[in-house]
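J.: sequence first, then the predicted structure, then my questions.
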Amino acid sequence: MATDEKTSKEQNGSISSVLTEKRKFPPLAEFSKNAHISSMEEYEKLYAAAAADPDKYWGDLAEKFHWFKKWDTVLEWNAPYAKWFSGGKTNICYNAVDVHANSWRKNKAAIIWEGEEGHQRVITYGELHRQVSKFANVLKIAGIRPGDRVAIYMGMVPELIIAVLACARVGAVHNVIFAGFSAHAISERVNDSRAKMVICADGTRRRGSSINLKNIVDEAIITTPSVRSVIVLKVTGETVHMHDGMDHWWHDLMGLAMDECDPAELEAEHPLFVLYTSGSTGKPKGILHTTAGYMVHAANSFKYVFDIKDEDIYFCTADVGWITGHTYMAYGPLLNGATILMYEGAPNYPQWDRFWDIINRHKVTILYTAPTAIRAFIRAGNEWVTKHNLNSLRLLGTVGEPINPEAWMWYHRVVGQERCPIVDTWWQTETGGIMVSPLPGATPTKPGTATRPLPGIMVDVVRKNGEPCEANEGGYLVIKKPWPSMLRTIYGDNERYEKTYWSEFKEMYFTGDGARKDEDGYIWIMGRVDDVVNVSGHRLGTSEVESALVSYEAVAEAAVVSRPDDIKGNALVAFVTLKDEYVGDMNLREALRNHVAKEIGPIAKPDEIRWAKGLPKTRSGKIMRRLLRELATSNEVKGDVTTLEDFGVLENLRDQEDD
Ligand code: WT7
């Protein structure tokens, strides 16, 4: 056993780190030979050059794109506000679609789509160009102007990417809302961004049944005065109610639209999209990304981390409703003229081998998925994987949360057949693209670490006072220099932007993650340090789940914490205090779980609900979530309880039988 546990003392406000992993896997010579970056020397040289002259590094990369007008300055940094490629004019849709449609790639597959029921569609770059241009005209006819926000709420069908690209083409700001979110979550996001239009599907398929998305939108837009029209794509043939004057069928509008549409010539800093993510307090944060800087890093990081070649078939299992889907399902691959495999449905439909079957049939070469999926596959059993021929695979990726070394080893052995490098990619909705990752032809990997930062990315692990930590000392993960795909602000809330990311450490971006850097400079992520938990690779603010619980009639107070879970990474445990006249029982538990699903979405459903007569609080009334976390994990509290106001409350909170 090469993993052993060690607990280093908390010191200098740093965080103890408990995991030491000794295994190391250098890239195979066979892979390195043809890789874009083929040795550590090459990486080190690039990293040093980018550090010495970041403007030159990013400027050179930007040269590769089509600009209607070249930029004047690479970076204007008025901390914490960045302007990249000021004075330049470009269009990311033009660079992702037209450039290839006007080249030999015209007939190359841009998207190979497979529906849950086995339908197949292949959309070439030429066809993508036609569809995107037509839909861009639809948007224009519907009165969408540059800067207008457009919400998109649909399942994983090619039209989702077409809608996103069409927005970018006309300069509209897309706000994709994951199709698992509730009506309440939609209206919250639509109201925050004041979206003028909603693009949705009639329904979406999930595990053999279908969900009526249009009904959810109907409910949501009762409370969203900014929405003037809804465009509905027919996917499942659901019965939907079309409101006169407000709702329009996608196919009707597309039938009228011309298929040529000049891309808008947009300022480099023109807003591209808002994507909402959880924060530790209050409502979701609208993370704002802009055009040119995002384009440069999305394209370049995709090229080098996934070592993309024209022959590759790249399968990303993320939903376009999350940032991974934006950057590495849509923009990154398309900007590189790559072929994307897009799968509509669940990994276990009709059986647990769906991904492996897809990989075999389509001869997928690169797979990008999440640790939560990998853990579910491990549990389902190796036979689902090994019965398929996976020889086409040459590279594997993971994202979303730390991957446990044993899950990494399984991915390496069973899926990669010890032949495929694994890129464990660390990044966030806010960073726009990958920040820390192996370069597959260069970096020796170790199970459980995202290894080294990409060239141009100045990450570090620091103590509470901002000083760099020593090797293997746990601390806070920060980014010390601006990067082109960084968020520009929280939509409509500069103050929250400054407070959340730039107030913890002087002149450094704080990621919210704890980490340590080992003796090789490899970054080991230790998870979030705030009240944000990572469930199945998605960030959830526990305070949002608490608010949802408290909005239920019977609930007086609630605290939500996480405990480790084999499959989901973390499971949510809710401690709930009821109003006096209510009694906690099984039915109420179920009702509360369903209420949270309705308010936020099924991913936020607490896995466990414990009734609490009172919650452990400090004298100033702050809920001591740390104690609840301990209770939820081990059913006992060993940590410091000296600041606890009332010791009696803890006794009542231990494991409860169903009552
Ligand atoms: C948080 C960001 C980036 C797309 C998916 C999640 C955690 C992400 C890794 C990784 C360890 C990771 C971090 C980060 N995370 N990737 N490779 N290793 N942790 O995006 O919802 O914005 O969440 O996910 O805690 O801060 P997100």
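T.: That came in fine, so what should we check first? On a predicted model such as this, the values are computed, not experimentally measured, just so you know. Residues are numbered from 1 along each chain as shown.
J.: kindly tell me how buried the single nearest residue of the stretch 51-200 of the chain relative to the ligand is, as a neighbour count.
T.: The nearest approach of the stretch 51-200 of the chain to the ligand comes at residue 178, 10.9 Å away (Cβ to the nearest ligand atom). The way it works is simple: take the backbone N, C-alpha and C, and place the C-beta from them, glycine included. Using other Cβ atoms under 10 Å, residue 178 has 20 neighbouring residues.
J.: same question, residue 28
T.: So residue 28, with other Cβ under 10 Å, has 14 neighbours.
J.: surely the residue of the stretch 51-200 of the chain closest to the ligand and residue 324 touch.
T.: No: counting by Cβ atoms under 8 Å, residue 178 does not reach residue 324; the two are 11.4 Å apart.
J.: sec struct for the residue of the chain positioned farthest from its centre, please.
T.: In the chain, residue 581 marks the outermost C-alpha relative to the chain mean, sitting 41.6 Å out by Cα atoms, centre = their mean. Reduced to three states with DSSP: H, G, I helix; E, B strand; the rest coil, the structure at residue 581 is coil.
J.: okay, it: pLDDT?
T.: What the model reports for residue 581 is a pLDDT of 89.
J.: can you give me phi and psi for it?
T.: With angles defined as degrees, to the nearest 10, residue 581 sits at phi -80, psi 0.
J.: would you mind measuring from it to residue 589?
T.: Distance, residue 581 to residue 589, using Cβ to Cβ, to the nearest Å: 17 Å.
J.: where exactly do the strands run in the stretch 401-550 of the chain?
T.: Using DSSP state E, counting those that start in this stretch, the strands of the stretch 401-550 of the chain run over 422-425, 459-462, 475-479, 489-490, 509-517, 523-528, 532-535, 538-541.
J.: residues in contact with stretch 370-382?
T.: Outside stretch 370-382, the residues that touch it by Cβ atoms under 8 Å, 6 or more residues apart in numbering are 317-318, 347-348, 352, 355, 384-385, 398-404, 407, 410-411, 414, 536-537, 566-569.
J.: how about stretch 570-584?
T.: With Cβ under 8 Å, 6+ apart, stretch 570-584 has contacts from 533-535, 540, 542, 545-546, 549, 554-565, 588, 592, 604-615, 628, 632, 653, 659.
J.: quick check: phi and psi at residue 450.
T.: According to degrees, to the nearest 10, the main-chain angles of residue 450 amount to phi -80, psi 0.
J.: so what's it up against?
T.: Residue 450 touches 424, 425, 426, 436, 437, 438, 522, 523, 525, counting by Cβ under 8 Å, 6+ apart.
J.: and the last one, bridged to which residues?
T.: I take that to be residue 525. Beta bridges link residue 525 to residue 515 when assigned by DSSP bridges.
J.: quick check: the gap between it and residue 93.
T.: Between residue 525 and residue 93 the computed distance is 33 Å (Cβ to Cβ).
J.: and the closest residue to residue 369 other than its chain neighbours, how far is that from the ligand?
T.: Once flanking residues are discounted, residue 369 sits nearest to residue 317: 4.4 Å by Cβ to Cβ, 6 or more residues apart in numbering. Distance of residue 317 to the ligand, given as Cβ to the nearest ligand atom, to the nearest Å: 12 Å.
J.: which ones are touching residue 317?
T.: When contacts are counted by Cβ under 8 Å, 6+ apart, residue 317 touches 343, 347, 355, 367, 368, 369, 370, 373.
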